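**Student:** Build me a structure from this.
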Amino acid sequence: MVFFMMLDMSKYRPFKEMGKTCKTRKIKEKKVIWPDFTLGPFLNGKYRVRMIGRGDVEEVAELWRQSYPELYGSPYEFVLFPEEYEEKVALRETWDGDRLNKKHCMPVVEETETRKLVTVALLTKEDKNLEIEYSLLGTHPDYRKKRFTYGLGWAIREKIEESGAEYLTAFLETWHDITQILALRGGSRLAGIFPGRFTRWQGNQQEYRGCVVYIYNFIGEGEEYSTKPEEWMLSPEIRELWEALEKINRKIQEKFKEIDPERIREQLFG
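**Tutor:** Now for the predicted structure:
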C-alpha cells in the first residue's frame, strides 16, 4: 500500500499564482476506487454488463484480438495477452483489493442466452489526478452496429461518480466515426485531434502511427476546481484555437440537447 507523503513546501513559490477563478483545496491522499459497473439484463433481457474474473481472461483477450487487433505493438497491447491481466486488471475474485490498487478495469457486455462476451471496455485510472481514461472499447465483428453498447455506456455513466474521479478523458479512433458520434451525443466535450498519436498494427508485422480525437468530461465537482479561461496566459494563436473549440462544443451541445436520458433508459430496460 502506498501512503500519502507530506512535504514542507512553505519556502517555495509557484511560477505564477493561479487558481483565482476556481475553488482550491488542501492536498491530501487521493484515490480513484473502481465501482462495480455490473448492470442487470437490458434490451429485452438479451444482454448484461458485468466485471471480469480469472475464468474470463482467455476469452476477453481473444475478444480484444478480434475487435481491436490494431493494438498489437501499441502501449495498450497488454489487453491481447491474458497472462498480463492478473497484475494489471481488477478481477472479481480479488475485487475488494483490486478496486483500490489495480490501474485498469474491464467491464464486459455478455449475451445472456449464450454467455458469450461481445463487447469489452478498458478503463484506466490515475489516482493522484483523480482521473479516469476511457481507454478502449472493442466489439466482436459479428456484433457491431448493435444498440447494446448503450448499456455499457449507461453502466459507466451511472456508476462513475462513485469512483471519486473528477475528470474523464477518452480518445477516439479515426478509421470510423461511430464512437465519435456516440461520445458527443453523450455529452463529451471535444478537446482536439492528435495526428500520429499511437502506433497501430496494419497487418502481419507492419505498423503505422494513427490519428485520434480527444474528448473530456468533468465528473462531480471537478469543474469547480478547474481554472477558467480569463486567467490563462495564451498566445494569440492558441487563444483563437480555444475559442474555436468552445464554439464547436456549444454547437454540439445545442445539436444534442433534445436527447433525453430517461428515454434512453426506457429503451434499454423497457
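**Student:** What residues of the top strand by length along the chain count as buried?
**Tutor:** The single longest strand within the chain, with elements called by DSSP state E, is strand 189-203. By 16 or more other CB atoms under 10 Å, the buried positions in strand 189-203 come out as 189-190, 198-201. The way it works is simple: take the backbone N, C-alpha and C, and place the C-beta from them, glycine included.
**Student:** One more: stretch 136-146?
**Tutor:** 136-140, 143, 146.
**Student:** Which of those residues fall within helices?
**Tutor:** Among the buried residues of stretch 136-146, DSSP state H puts none in helices.
**Student:** can you pull the contacts of Gly192?
**Tutor:** 213-214, 245 (CB atoms under 8 Å, 6 or more residues apart in numbering).
**Student:** quick one: low-confidence parts of the chain?
**Tutor:** 1-3, 270 (pLDDT under 70).
**Student:** At which residues are the strands of it located?
**Tutor:** Under the criterion DSSP E, the chain carries strands at the ranges 39-42, 47-51, 104-105, 107-111, 117-126, 131-139, 167-173, 189-203, 206-218.
**Student:** Would you mind finding the most buried of those strands?
**Tutor:** With neighbours defined by mean count of other CB atoms under 10 Å, none of the strands of the chain is more surrounded on average than strand 104-105, at a mean of 24.
**Student:** list the helices and strands that strand packs on?
**Tutor:** strand 117-126 (3 or more CB pairs under 8 Å, 6 or more residues apart in numbering; DSSP states H and E).
**Student:** what about stretch 76-93, how long is it end to end?
**Tutor:** Terminal residues of stretch 76-93 are spaced 23 Å apart (CA to CA, to the nearest Å).
**Student:** got the buried residues for it?
**Tutor:** Result for stretch 76-93 [16+ other CB under 10 Å]: buried residues 76-80, 82, 85, 88-91.
**Student:** closest to Ala61 among those residues?
**Tutor:** Pro82 (4.1 Å; CB to CB).
**Student:** Was I right to think the closest one contacts Leu63?
**Tutor:** No. Counting by CB atoms under 8 Å, Pro82 does not reach Leu63; the two are 10.8 Å apart.
**Student:** Tell me who's in contact with Glu231.
**Tutor:** Neighbours of Glu231 in contact, by CB under 8 Å, 6+ apart: 18, 20-21.
**Student:** Same list (the strands of the chain) but as a markdown table, adding distance to Pro229.
**Tutor:** Listed next are the strands of the chain as a markdown table, based on distance: least, CB to CB, whole Å:
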| stretch | distance to Pro229 |
| --- | --- |
| strand 39-42 | 37 |
| strand 47-51 | 37 |
| strand 104-105 | 33 |
| strand 107-111 | 35 |
| strand 117-126 | 24 |
| strand 131-139 | 21 |
| strand 167-173 | 17 |
| strand 189-203 | 14 |
| strand 206-218 | 15 |
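**Student:** circling back to that earlier point, alpha carbons of the longest strand of the chain, as CSV, please.
**Tutor:** Listed in CSV are the C-alpha atoms of strand 189-203, where the atom choice follows Å, rounded to 0.1, in the frame of the first residue of the first chain:
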residue,chain,number,x,y,z
ARG,A,189,-16.6,17.9,-25.0
LEU,A,190,-14.1,18.0,-27.9
ALA,A,191,-10.5,18.6,-26.8
GLY,A,192,-8.6,18.3,-30.1
ILE,A,193,-7.0,16.0,-32.7
PHE,A,194,-3.7,14.3,-32.2
PRO,A,195,-2.2,13.2,-35.6
GLY,A,196,0.2,10.2,-35.2
ARG,A,197,-0.6,9.8,-31.5
PHE,A,198,-0.4,6.0,-31.3
THR,A,199,1.3,3.2,-33.1
ARG,A,200,-1.2,0.9,-34.7
TRP,A,201,-1.0,-2.6,-36.3
GLN,A,202,-1.6,-2.7,-40.0
GLY,A,203,-1.3,-6.4,-40.6
